[in-house]
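Asker: got a predicted structure plus its sequence, pasted below:
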Amino acid sequence: MRIKLTYLFILISLLSCSKDNIDRIPDVYVSYKITLQEFNIKSTNGLLLVNNQANTGVAGLIIYKRADGAFVAYDRCSSVNPQKRCAVVPDDPNLTATDPCSGAKFSLFDGSPVKAPAERSLKQYRVIITNFDLMVVN
């Protein structure tokens, strides 16, 4: 009886693993802080790329100040084959970002896919604005 239950448990475990979980951008700790003054100095047209370093996502960060004044932050890791950790690159004029590995494009307004083969949005992180600082966290 125990052997049958063990085999059943293993079978259920194997069947519950799906490709969908493999194709997700991994969850990693994110904690990045910059002053608003630094952001304004370092950014180009309201866009700041943060290279991959400790606590900055899987492939670094894109922090974008939208036309409506809101800040958004995304992991640069493309949602197309995230196991490759291919970092998206912003296009000119900063409305979309392209995955150089697959050619997929994403909107910087909300991270949504705008060109195949992208099907999932970029991973978005929370942006907290205080009097002088901008913080990106998850």
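Answerer: Thanks, I have it. Residues are numbered from 1 along each chain as shown.

Asker: where does this structure have low pLDDT?
Answerer: 1-22 (pLDDT under 70).

Asker: tell me the buried residues in stretch 105-116?
Answerer: Lys105, Phe106, Leu108, Gly111, Pro113 (16 or more other Cβ atoms under 10 Å). Any C-beta I mention is one placed from the backbone N, CA and C, and that applies to glycine too.

Asker: closest one to Tyr29 out of those, please.
Answerer: Minimum distance to Tyr29 across the buried residues of stretch 105-116 is 19.6 Å, recorded for Gly111 (Cβ to Cβ).

Asker: so what's that closest one up against?
Answerer: Residues counted as contacts of Gly111 (Cβ atoms under 8 Å, 6 or more residues apart in numbering) are Val72, Tyr74, Ser121, Leu122, Lys123, Gln124.

Asker: can you redo the buried residues of stretch 105-116 as TSV with distance to Ala97 and secondary structure?
Answerer: As requested, those are exported to TSV (distance: Cβ to Cβ, whole Å; DSSP: H, G, I helix; E, B strand; the rest coil):
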residue	distance to Ala97	secondary structure
Lys105	7	strand
Phe106	5	strand
Leu108	6	coil
Gly111	9	coil
Pro113	11	strand
